[in-house]
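Chemist: when you get a sec, could you give me coordinates for this:
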Amino acid sequence: MTDIDKLQNVFENLIGSYGWLFLAGVAALFFRNLIINTVAGIMFLFGSDFDVDDIVYIDGNKKARIVRQTLFKTVFHLIETDRKLIIPNTSLYELKLEKVLPNNGKKL
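Modeler: This next block holds a predicted model:
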């Protein structure tokens, strides 16, 4: 057996044993944004801070209502301009969202 045959045998054993790790790494890099956006969407959906139909202020000055929450995006209706604002869930944590409390925050 020559040195080339030995080297080829070593590479075949490595790829055969660890080839699935390489494929999983490539898939994770390829779907990275999708995975991150989905995780952010799950955190925003199942968190108790914001719900659909909540009135919020975006960056302190834009009054909006949360219209829809999905795994990938959140849709706001801007009340003053009557426009729709679509934000990817990965960008939600960069926004400053202020929620309007019922009864001005006073307890009944």
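Chemist: roughly how far apart are the spatially most central residue of the chain and G25?
Modeler: When C-alpha atoms, centre = their mean is applied to the chain, the residue found nearest the centroid is N37 (2.1 Å). According to C-beta to C-beta, to the nearest Å, N37 stands 20 Å off from G25. Placement of C-beta: from N, CA and C, glycine included.
Chemist: swap in G41?
Modeler: To G25, G41 is 24 Å away according to C-beta to C-beta.
Chemist: ok, M43 next?
Modeler: For M43, the distance to G25 - C-beta to C-beta - is 24 Å.
Chemist: show me which residues of stretch 36-56 are buried.
Modeler: 37-38, 40-41, 44, 56 (16 or more other C-beta atoms under 10 Å).
Chemist: mind checking which of these are in helices?
Modeler: Members of the buried residues of stretch 36-56 lying in helices (criterion: DSSP state H): 37-38, 40-41, 44.
Chemist: how about these in a markdown table, adding pLDDT and distance to L29?
Modeler: A markdown table is the format used below for those (pLDDT from 0 to 100; distance: C-beta to C-beta, whole Å):
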| residue | pLDDT | distance to L29 |
| --- | --- | --- |
| N37 | 78 | 15 |
| T38 | 80 | 16 |
| A40 | 80 | 18 |
| G41 | 77 | 20 |
| F44 | 76 | 24 |
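Chemist: just send these back as CSV, with distance to F11 too.
Modeler: As requested, these are exported to CSV (distance: C-beta to C-beta, whole Å):
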residue, distance to F11
N37, 37
T38, 36
A40, 40
G41, 41
F44, 45
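Chemist: from those residues, pick the one nearest T70.
Modeler: Nearest to T70 among those is G41, at 6.4 Å by C-beta to C-beta.
Chemist: now do the buried residues in the top strand by length along the chain.
Modeler: When the chain is parsed with DSSP state E, its longest strand is strand 62-69. Buried residues in strand 62-69, counted by 16+ other C-beta under 10 Å: 62-64, 66, 69.
Chemist: coming back round to it: nearest to T2 among the ones in helices among the buried residues of stretch 36-56?
Modeler: T38 (50.1 Å).
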